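J.: quick one, structure for this:
(chains A, B, C and D)
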2 protein chains.
Amino acid sequence: MARVNMANSGAKKAPTIKDVAALAGVAPGTVSNVLTGRKLVAEPLRKAVFDAIATLDYRPNHLASSLRFGKTKTIGIVVPDLTNPFFSGLVKELELRALKSGFQTLLMSSHEEVAEEKERIKALVSRQVDGLIISSSGDSIDPSPNSSINGVPTVLVDRAFTVEGFDTVSADNEQAALTGTQHLIDLGHKRITFLATALGLGNMEERVSGYRKAMAAAGLPDANVVYGGLTIESCRSALEQELRRADRPTAIFASAYVATLGAAKAIRAVDLAFPNDVSLLGFDDSDWMTVLRPYVSTIEQPLEELSEACWEMLQRRMKKRDSPMAHKRVTCALRAREPPRGVVRKPVHPPPEN
Amino acid sequence: MARVNMANSGAKKAPTIKDVAALAGVAPGTVSNVLTGRKLVAEPLRKAVFDAIATLDYRPNHLASSLRFGKTKTIGIVVPDLTNPFFSGLVKELELRALKSGFQTLLMSSHEEVAEEKERIKALVSRQVDGLIISSSGDSIDPSPNSSINGVPTVLVDRAFTVEGFDTVSADNEQAALTGTQHLIDLGHKRITFLATALGLGNMEERVSGYRKAMAAAGLPDANVVYGGLTIESCRSALEQELRRADRPTAIFASAYVATLGAAKAIRAVDLAFPNDVSLLGFDDSDWMTVLRPYVSTIEQPLEELSEACWEMLQRRMKKRDSPMAHKRVTCALRAREPPRGVVRKPVHPPPEN
DNA sequence: ATGAAAGCGCTAACAC
DNA sequence: GTGTTAGCGCTTTCAT
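T.: Numbering: from 1, shown residues only, chains lettered A, B, ... in the order given. As a prediction, the model looks like this:
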């Protein structure tokens, strides 16, 4: 009664483990054992199975396997914006580590929308991912087991460090901002504007706080925080206004990738030059920053450490789902590229291009 | 005999459609009908089902559904390098379109390795994706139904236009390179070096060809193609040698994103300035290119059109698997940002930073 | 309109 | 060691 697919003879259906078993003259279970290696199989049968697999060009159906086995060996990753090099770099590192451990990654982007993020998480969960790494768009992830995450082992990265109920990994934002601000102060700046992105993001608040602390510690009362939003253009526009004022800042500390690029654009737009007219310190180092002249300095978040920590935590949680929540901070590095202010006095920007 | 999960009372197992059915007092099939909407269900039962779903916090298992239904509503995307803004931009657009049509995307990166690419494709296929969009690392994709692709509807994008047996979408590379080269010639350049990436990539060969044609047409015999490899650093290094020669080129045409950034770095490294010492025309427009001064001009590949074409083709192929292969070219735009050569004669680069 | 039952492809028990 | 069987969660006939 067993229906046997005609091997490759025009039949549309893909061969199954049953077809392989039939051709090799063994039981389906044996084929499975050969493939998964969970049970030893005698050599002659092994060979027969492999031959059958080859002639049928059999591909295991991962869906069926996962359904039965209860594990997908897949982790889901959700980031706000893949075109942001910070996130694409992070994703690349995460992918690498997951792959090395035999996991595949399912990558989704939330486009900085909380609602979309929820949808993506739900989709990932309904696909039975074994774990989740999320850089949240909203800091408002619900850790309750009834939330969209549904009890799937999850690590939060970059955003949302403050949320209890999750393992989290993020940069030591406050310290990084403090160091960065201090660097600008050491360069001789007094009017330093901090270009933040959006209100209510945990990591951003930490950076703002570090900035304020450094300003206060240096006795500089004029802390000035500008919220430029989450796009390059909105950041440019917000800062441009700032730069057109008579008492414009002499230094900008841009708090994230979009802010850094937005700031660079704003500075160009009002035809100032860094570092003579204005210094620019950015967040999230990127390749192109080294081709700007004079260089823009940055606070670099160590992507390898960040992703390493994520992956370790997630693996731990996947093994022991009830271990206590862990929170890890990684230290950022200051990439100071700017010559000391005042050394290059001569304007370096080209004459107006009529 | 039917085992019923205790609703949320500490039981670990996720509720299934059976649990919902039991609680709502209906058959599993009815729950399915409510959920999928494929068959009408009377209002009182509908409500009971929804109530049960809510109280149990039931999530459909997409794996099981896909296994049974034979479709995953998922397409796989494979690109060589997610940190390349051309690809991350393309992926973003593709994701958008897939999502709008009710498809989810499974994204994988091949890291410019043919072997990895094969693995990723196999993984995607074994996950039963309904379709595949691939930007190949090697131009060597095997279209036979027995290949790793295993008959899954596939569209090739950017790379590998020349491969028969696949639907393909790519830029009109030869025309774009011709236009770009012509632009540099119009600017007065005679010694124009073309910075290619790797040999044997179809799209690259087309660009080289466009360059050569433009040079020949202008009666410029000194076509000079340098292969810089697939990383920013290798491109920088290759071009830097070129720029240190006495008869160095007056213009560089960089053939891809990595080449453009590599070229910018090389130009900086040997302390030349564009466009006075050397002009730079790049491929693949990127945000940061507008903050360099003077601007670097680029050939922009229209990501929206590219992805739109991909998605349309893939949808068509998924519906009619035996329709004839289609090949689509999209036209690139020249973003000329450079002032004419010679207008700004005064050197604009800053004095050496001791 | 609803329920019962078969089965998607695979793996884990349990026999032999 | 190897075969047999049950069933993962869902959808879909086929009866009713």
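
J.: which residues does the residue positioned nearest the centre of chain A contact?
T.: Centroid check for chain A by C-alpha atoms, centre = their mean gives residue A:87 as the closest residue, at 3.6 Å. Counting by C-beta atoms under 8 Å, 6 or more residues apart in numbering or on different chains, residue A:87 makes contact with A:79, A:80, A:81, A:135. C-beta coordinates here come from the backbone N, C-alpha and C atoms, glycine included.

J.: looks to me like it is in a strand.
T.: No: counting by DSSP: H, G, I helix; E, B strand; the rest coil, residue A:87 is not found in a strand; it is helix.

J.: give the contact list for the nearest residue to residue A:102 once chain neighbours are set aside.
T.: By the measure of C-beta to C-beta, 6 or more residues apart in numbering or on different chains, the closest residue to residue A:102 outside its immediate chain neighbours is residue A:73, 6.2 Å from it. Shown in contact with residue A:73 (C-beta under 8 Å, 6+ apart): A:66, A:102, A:103, A:104, A:130.

J.: elements contacting the helix or strand containing residue A:195?
T.: Using DSSP states H and E, residue A:195 falls within strand A:192-196. On a contact count with 3 or more C-beta pairs under 8 Å, 6 or more residues apart in numbering or on different chains; DSSP states H and E, strand A:192-196 meets helix A:173-186, helix A:202-217, strand A:224-227, helix A:232-244, strand A:251-254, helix A:257-269.

J.: off-centre distance for it?
T.: In this view, strand A:192-196 has its centroid 23 Å away from the chain centroid, taken as C-alpha atoms, centre = their mean, to the nearest Å.

J.: just give the strands next to it in its sheet, each with its orientation.
T.: In the sheet, strand A:192-196 lines up against strand A:224-227 (parallel), strand A:251-254 (parallel) (DSSP bridges).

J.: any idea of the mean pLDDT in it?
T.: The average pLDDT within strand A:192-196 is 98.

J.: do the same with stretch A:66-79
T.: 96.

J.: same deal with stretch A:156-175?
T.: Mean predicted lDDT for stretch A:156-175 stands at 89.

J.: do the same with stretch A:136-148
T.: On average, stretch A:136-148 scores 72.

J.: again with stretch A:274-289
T.: Rounded mean pLDDT across stretch A:274-289 is 89.

J.: is any part of that stretch close to chain B?
T.: Yes: legend: contact between stretch A:274-289 and chain B by C-beta under 8 Å from any C-beta of the partner chain is shown at A:286, A:287, A:288, A:289.

J.: please enumerate residues in contact with stretch A:36-55?
T.: Here stretch A:36-55 makes contact (C-beta under 8 Å, 6+ apart) with A:7, A:19-21, A:23-26, A:30-31, A:33-34, A:58.

J.: tell me which element the nearest residue to residue A:76 once chain neighbours are set aside falls in.
T.: Closest residue to residue A:76 apart from its sequence neighbours, by C-beta to C-beta, 6+ apart: residue A:124 at 3.4 Å. Taking DSSP H and E as the criterion, residue A:124 maps to helix A:114-126.

J.: ok, that helix near DNA strand D or not?
T.: No: on the criterion C-beta under 7 Å from any atom of the strand, helix A:114-126 is out of touch with DNA strand D, staying 8.2 Å away.

J.: which SSE is immediately downstream of that helix?
T.: Where DSSP H and E defines the elements, the next helix or strand beyond helix A:114-126 is strand A:131-134.

J.: distance check, the nearest residue to residue A:116 once chain neighbours are set aside against residue A:234.
T.: Counting by C-beta to C-beta, 6+ apart, residue A:116 lies nearest to residue A:110, which is 4.7 Å off, once chain neighbours are set aside. In this view, residue A:110 and residue A:234 are 18 Å apart by C-beta to C-beta, to the nearest Å.

J.: of the two, who's got more company?
T.: Comparing residue A:110 with residue A:234 by other C-beta atoms under 10 Å in any protein chain shown, the one with more neighbours is residue A:110, at 23 against 17.

J.: now do the phi/psi pair for the more buried one.
T.: phi -100, psi 0 (degrees, to the nearest 10).

J.: my guess is it contacts residue A:79. True?
T.: Yes: counting by C-beta atoms under 8 Å, residue A:110 touches residue A:79, with 7.1 Å between them.

J.: got the residues of the stretch 1-150 of chain A near DNA strand D?
T.: Selection of the stretch 1-150 of chain A residues close to DNA strand D by C-beta under 7 Å from any atom of the strand yields A:25-30, A:33, A:39-42, A:44-45, A:64, A:67-68.

J.: try 6 Å
T.: By the rule C-beta under 6 Å from any atom of the strand, the part of the stretch 1-150 of chain A lying against DNA strand D is A:26, A:27, A:28, A:29, A:30, A:39, A:40, A:41, A:42, A:45, A:67, A:68.

J.: run a quick neighbour tally on the spatially closest residue to the third one that is not a sequence neighbour.
T.: Beyond its immediate neighbours in the sequence, the residue positioned closest to residue A:28 (C-beta to C-beta, 6+ apart) is residue A:21, lying 4.4 Å away. Summarising burial for residue A:21: neighbours were counted as other C-beta under 10 Å, giving 20.

J.: which residues does residue A:21 contact?
T.: Residue A:21 makes contacts with A:27, A:28, A:30, A:31, A:52, as judged by C-beta under 8 Å, 6+ apart.

J.: next: residue A:237.
T.: The contact partners of residue A:237, by C-beta under 8 Å, 6+ apart, come to A:228, A:262, A:266.
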